[in-house]
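K.L.:
mind folding the following:
(one chain, ligands or ions: 1)
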Amino acid sequence: MDLSKRKFKEDFKKMLTEVYSMGLKESEATEQFFTLGNLIRSYVAKNWSRTNQAYIEKGKKQVYYFSMEFLLGRMLKSNLLNLGILETVRDGLSDLGIDLEALVQIEPDPGLGNGGLGRLAACFIDSMATSEIPAHGNGIRYKYGLFKQKFVNGYQVELPENWLQNGNVWETRKMHAAVTVRFYGHVWLEHSGKGYLVPHYEDAQEVLAVPYDSAVIGFNNEIVNTLRLWSAEVPPQDESTDYWSFIHQRNEIESISEVLYPDDSNYEGRLLRLKQEYFFVSAGVQSIIRHYKKMHLGIEHLAEKVAIHINDTHPALCIPELMRILLDEEHMDWEHAWHLTINTMSYTNHTIMTEAMEKWPIEMIQTLLPRIVQIICEIDRRYVMEMGRLFDTDLIQSTRIVEGGHVRMAHMAIIGSHSINGVAQLHTNILKEKVLHPFYLIYPSKFNNKTNGITQRRWLMLANEPLRHLIDRKIGNEWATMPTELKMLKAFREDKRTLQELAEVKRQNKVRFARFVEESMGLEINPEAIFDVQIKRLHAYKRQLLNLLHILSLYFKLKEHPEADLHPRVFIFGAKAAPSYTYAKQIIKLINSVAELINHDPDIHDKLKLVFVENYGVSLAERIIPAADVSEQISLASKEASGTSNMKLMLNGAVTLATLDGANVEIREHVGEDNIVLFGLRTDEVYHYYKDGTYHAHDYYEKNQVLHRVLNALIDGTIPGAEAEGYAIFDSLVRYGDEYFVLRDFDDYAAAQERIDRLYRDSLIWQKMALINIASAGIFSSDYTVQQYASQIWDVSSKVHRI
Ligand code: 26V
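P.N.:
Numbers count the residues shown, from 1 in each chain. You can find the predicted model right below:
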């Protein structure tokens, strides 16, 4: 948008008076932040309503991206950047004596997601608005986001994250768009006499779903899409309601959108979680149908105007819910309704970990959603009947939705949609060939790959301004919307000056991060050291333990040979564990205890440091990633569906140290063998081990001297404070089979780390690798990812930039 600095300053002062009746001098950062937020809203208002108007007038097909999680991060700078007024506002504020960065810190970071899946949804909505895709997010407005992590004596302690405490400037409550969602009760069907059944509900609990809309601003394109998050409230009561029963009901209902489930590792059949899923699905689908009907096109054309995407199985109840509406409210016959539903729905799978696959006890759905269960059972019955004619009975039985008293959500999602995609090429292949192979035999054409992506605007333009300026100076700024333009940087691969400038940018970022660590943790780290980063949820399969065991081996090496030729290293971890994931919490404690040991050992000087940042999340990622030299992507091959921190880190010039897992495979293809450091078992080798059962972790403990020494340290008192955890972890590796092949990959990993050490010593070689990583990262922009979803899955238009 066009905005002069003078006009901005006037607007800002005027808004400050309007909202707070305050002059500039009396105001503090909090008031200034909310003032700026309100001002941005006023700037956006016209384009927001224009965008909606245009979608209606042009009758464009709309995409609704359903996700239990949207891990947005702070929105202030992102909104300013996308409006094209970041610099104007920064300068204008500075004229008024206000530091924009200070205001940025006032905004709470809304942690409405667990990890990769939620952050992907956030990158997607940014990219969809920028790519001019008529697409909207649909989710839950949790009152409490993912817990705040504290370390107490090295243990993870969870505290509530009350992000709404001071209000949310970006949202608008839309009371007129509220809908009712029904739970419990009984339902019976009556013949209408007109060829359809009429459901009668008795004793149902009614919940009012109230939407809160936020603007999703496209980058410099005047498009403003919508993120709609639903909040659960008590419907208006009549006078006969008993006061105490009202209070009781209110608590029960409001608990639905109270808190985000923090467990992304282990599926647990919790009733409240099921309520959450149906709550936002039903509200979202009802609201879509209500909006669609305003266009008077006839319900039979729904799939031409609406695409519903379900982000993992969490919103899979969209399928029976849309069926319910088409059958019960639109009086369609089953075949037509089913055809429409399939054509409307598409589904992304994000994990092959069977523990995380949702399957709900049928009685639970029966109690909570009596009409939905009838529909699910009928979908299943017809599936068996129709497919039974075409395929082998065993094949059909193994793919049924209802089995062993449970509803398998992934099965329902596949059967009820026209597309299922994995999130990296390797992951999609594993789905086709292993995990979902029976479905691939039945529906080969439904399967497709959409490799994940990240938005370069948040993860480079905003998070790493020094690098952004360097790139702009070298190749211009078209990469903001045409990220593969970054490849032009390759022309500078032999240019010493550019490589030195790149080194200087990295050094600056490392100094900045070191200052943060010093201020927040009281720990001094040396910016000359290699900053080696592993930031992601704590999961056994991601193998933070492999990293830790190697750190211990370096520690012992330095203790025994203080003269050992090691380039100084700072190992940086950021990770939350699910509160009920005991093993992950034990690993956290162990990492913290090892940090205590190493960081305070005077023999080590600054050769080795271990930093475990507390409360890792989007805001911390934005600080850490620009300062990273090494990106640890060391999951056991076949287990990480894609990974996205791998993409963010390469985009910021870190060199990837990786197994051939998830999107690392594609990163290697793009940067080339020489610009990535690989190690470890390959997927087929892992599957071989599973098949022939010949992995014996104990042998590695017995035969490998370094490992023996390191593993013994877990149980011989070397690591003060973590005795119990040391034992448990030792046992998991040595006695109970080492499920994720940590010991098997140890030597190879250590050798790869030595290669890193050597490569880093030659600054020009290292910076050249960094440059090629940055130059090759454009293809992993979520702009391209969503453009592919648009054309290949949703069949909607987008502004496509050539790759
Ligand atoms: C799973 C579950 C399972 C039980 C109920 C609660 C719950 C909540 C979240 C999840 C998420 C697990 C799936 C997930 O986050 N997958 C990650 O998705 C990323 C984006 O596609 C991908 O890059 C990561 O590799 C993948 O682990």
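K.L.:
how about Gly154, nearest residue that isn't a chain neighbour?
P.N.:
If the residues on either side of it in the chain are set aside, Gly154 comes closest to Asn592, at 3.5 Å by Cβ to Cβ, 6 or more residues apart in numbering. Where C-beta positions appear, they are placed from N, C-alpha and C, glycine not excepted.
K.L.:
just give me the neighbour total for that neighbour.
P.N.:
As a burial measure, Asn592 scores 22 neighbours (other Cβ atoms under 10 Å).
K.L.:
from the chain's centroid, how far away is stretch 478-495?
P.N.:
27 Å (Cα atoms, centre = their mean, to the nearest Å).
K.L.:
end-to-end on it?
P.N.:
22 Å (Cα to Cα, to the nearest Å).
K.L.:
in three-state terms, label the residue nearest to Gly154 for me.
P.N.:
Three-state call for Asn592 (DSSP: H, G, I helix; E, B strand; the rest coil): helix.
K.L.:
same question, Leu660
P.N.:
Once three-state DSSP is applied, Leu660 turns out coil.
K.L.:
let the chain start at 250 from now.
P.N.:
Shifting the count to begin at 250 puts that one at Leu909.
K.L.:
which phi and psi values does it adopt?
P.N.:
phi -80, psi 70 (degrees, to the nearest 10).
K.L.:
any idea how far the ligand is from Lys785?
P.N.:
Look at Lys785 and the ligand: by Cβ to the nearest ligand atom, to the nearest Å, they are 8 Å apart.
K.L.:
swap in Ala1000?
P.N.:
25 Å.
K.L.:
spatially, what comes nearest to that residue if we skip its sequence neighbours?
P.N.:
That would be Phe928: by Cβ to Cβ, 6+ apart, it lies 6.8 Å from Ala1000.
K.L.:
got a list of what the one you found touches?
P.N.:
Leu906, Ala907, Thr908, Asp994, Asp997, Tyr998, Ala1000, Ala1001 (Cβ atoms under 8 Å, 6 or more residues apart in numbering).
K.L.:
take those residues and keep only those in helices.
P.N.:
Assigned to helices by DSSP state H, the following of those qualify: Asp994, Asp997, Tyr998, Ala1000, Ala1001.
K.L.:
closest one to the ligand out of these, please.
P.N.:
Nearest to the ligand among the ones in helices among the contacts of Phe928, counting by Cβ to the nearest ligand atom, is Asp994 at 18.3 Å.
K.L.:
what's the following helix or strand after the helix or strand containing Ile537?
P.N.:
Using DSSP states H and E, Ile537 sits within helix 520-542. Per DSSP H and E, the first helix or strand lying C-terminal to helix 520-542 is helix 551-554.
K.L.:
I'd like to know how many residues surround whatever residue of the stretch 250-399 of the chain ends up closest to the ligand.
P.N.:
Proximity to the ligand, evaluated over the stretch 250-399 of the chain using Cβ to the nearest ligand atom, is greatest for Gly365 at 2.9 Å. For Gly365, the neighbour count with other Cβ under 10 Å is 24.
K.L.:
residues touching it, list them.
P.N.:
His599, Asn701, Lys785, Arg786, Ser891, Gly892, Thr893, Ser894.
K.L.:
the third one: neighbour count?
P.N.:
Residues lying near Lys785 (other Cβ under 10 Å) number 24.
K.L.:
list phi and psi for it.
P.N.:
phi -180, psi 170.
K.L.:
before we move on, back to that, how close does the residue of the stretch 250-399 of the chain closest to the ligand sit to Glu743?
P.N.:
36 Å (Cβ to Cβ, to the nearest Å).
K.L.:
picking that back up, most widely separated two among the contacts of Gly365?
P.N.:
The widest separation within the contacts of Gly365, taken as Cβ to Cβ, falls between Asn701 and Arg786 and amounts to 15.5 Å.
K.L.:
so which of the two has more stuff around it?
P.N.:
Neighbours per residue (other Cβ under 10 Å) separate Asn701 from Arg786, with Asn701 holding more: 28 against 19.
K.L.:
separation between that one and Ala370?
P.N.:
For Asn701, the distance to Ala370 equals 11 Å [Cβ to Cβ].
K.L.:
now swap in His440 and tell me
P.N.:
Plainly put, His440 is 43 Å away from Ala370 if you go by Cβ to Cβ.
K.L.:
so for the two, which sits in the more crowded spot?
P.N.:
Taking other Cβ under 10 Å, His440 and Ala370 do not tie; Ala370 has more neighbours (25 against 9).
K.L.:
three-state assignment of the more buried one?
P.N.:
helix.
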